[in-house]
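Engineer: quick one: sequence plus predicted model below, questions after.
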Amino acid sequence: MHNNNNELTLGAPLSGPVLALRSVPDPVFASGAMGDGIAIDPLNDTLHAPCAGQVIQIARTGHAITLRAANGAELLLHLGLDTVELQGEGFALLVKEGQQVRAGQPLLRVDLDHVAQHCRSLISLLILTNGEGFDLRPLTLSTVQVGEPLLHISRRANAGPQPLAQEQSGQQASARIKVAHRGGLHARPAALVRQTALSFNSHSQLTFKDKSAPCTSLIALMSLGIGEQEEVLVSCQGDDCQDALQAMLQTLGTAMAADAHGETPVPARPPKAPWKTACCRASAPRRAWCADPWCGSTPWSWRRIMASMHPSPNGKH
């Protein structure tokens, strides 16, 4: 595959059917709030590096890894939906933060039977989190095998170093609040915090223990490692700092609807599934499973059987 500092082809980090981001049964991912990317419904138990790069962030619960490629692209690999709730159960990390990895190198091994029966969906994401200076083009929306070309990233011609932040006025506002999001400040709530911060002129940052992060950086926010109900200091500086602070407190202190403690509803199946099978009802218990490969709670063994019985149009299983 042709890779240089301006052009980068990403290999599939997992094997399985490829989904457009808008088909993911999660509003934060599907809306592109975290960045552009693609999804895979995995049929193998090991996550691989889509390109060479450095591991710059690993979720404290082990379900997500972020790589920085040589061209500066920051790639979030997020395995499953609501997998933060497993608190690391079923995930075996094979790399460490700061480590350099090669394209195709195994990063994470997953107990798919366990994870599939305890999370909302196995659908996994590859997200470009700093897409401002890049163009992203999917190369396929069919079933892929690990390492096959999946996405192409091009650096924009006018992309250069990020401009320095504009000098803010002397107005400042700050307050402390406990993070209400289930599982803490993982990828989805961090994306909402970033969205909120970008809505104001003021510069906002979070301070947790002895570390601070600008609220406009998704990776920096996740690197703070903030857990549920842990207290953070929110600081805003600028001409609309009071409004920014109130909005930030609202975002941090209000759990997302999908994070309400209790049963997580079974998501709707993505449209145009390649085959029809009987799917579990929305009212079924959370541990229920079915033989539908689009159902996020399907056990790994059944998913593999179904994949072998129904080959994709290009002949791959």
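Structural biologist: Here it is on my side, so go on.
Engineer: spatially central residue in the protein, please.
Structural biologist: For the chain, H78 is the residue whose C-alpha lies nearest the centre (C-alpha atoms, centre = their mean; 4.2 Å).
Engineer: isn't that residue up against S124?
Structural biologist: Yes. H78 is in contact with S124 according to C-beta atoms under 8 Å; the separation is 6.3 Å. C-beta coordinates here come from the backbone N, C-alpha and C atoms, glycine included.
Engineer: mean confidence score for the longest helix anywhere in the chain?
Structural biologist: Assignment by DSSP state H gives helix 241-253 as the longest helix of the chain. For helix 241-253, mean pLDDT rounds to 95.
Engineer: who are the packing partners of it?
Structural biologist: For helix 241-253, the packing partners by 3 or more C-beta pairs under 8 Å, 6 or more residues apart in numbering; DSSP states H and E come out as strand 172-178, helix 187-197, strand 203-208, strand 231-237.
Engineer: how about CSV for these, with mean pLDDT and distance to I219 added?
Structural biologist: Shown next, in CSV, are the helices and strands packed on helix 241-253 (pLDDT from 0 to 100; distance: least, C-beta to C-beta, whole Å):
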stretch, mean pLDDT, distance to I219
strand 172-178, 96, 22
helix 187-197, 90, 9
strand 203-208, 96, 13
strand 231-237, 96, 17
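Engineer: so which residues of the stretch 1-150 of the chain form helices?
Structural biologist: Along the stretch 1-150 of the chain, the segments classed as helices by DSSP state H, counting those that start in this stretch run 27-30, 112-116.
Engineer: what separates the last one from the chain centre, distance-wise?
Structural biologist: Between the centre of helix 112-116 and the centre of its chain there are 18 Å (C-alpha atoms, centre = their mean, to the nearest Å).
Engineer: do the same with stretch 64-84
Structural biologist: Mean-position distance between stretch 64-84 and its chain equals 6 Å (C-alpha atoms, centre = their mean).
Engineer: which residues does G62 contact?
Structural biologist: Neighbouring residues of G62 by C-beta atoms under 8 Å, 6 or more residues apart in numbering: 88, 91-93, 108.
Engineer: and those, which of them are buried?
Structural biologist: By neighbour count, with 16 or more other C-beta atoms under 10 Å, these hold 91, 93, 108 as buried.
Engineer: so what's the second one scoring on pLDDT?
Structural biologist: The predicted structure scores L93 at 97 on the pLDDT scale.
Engineer: pretty sure it is touching L108, no?
Structural biologist: Yes. With contact defined as C-beta under 8 Å, L93 counts as touching L108 (5.8 Å).
Engineer: perfect, that will be all.
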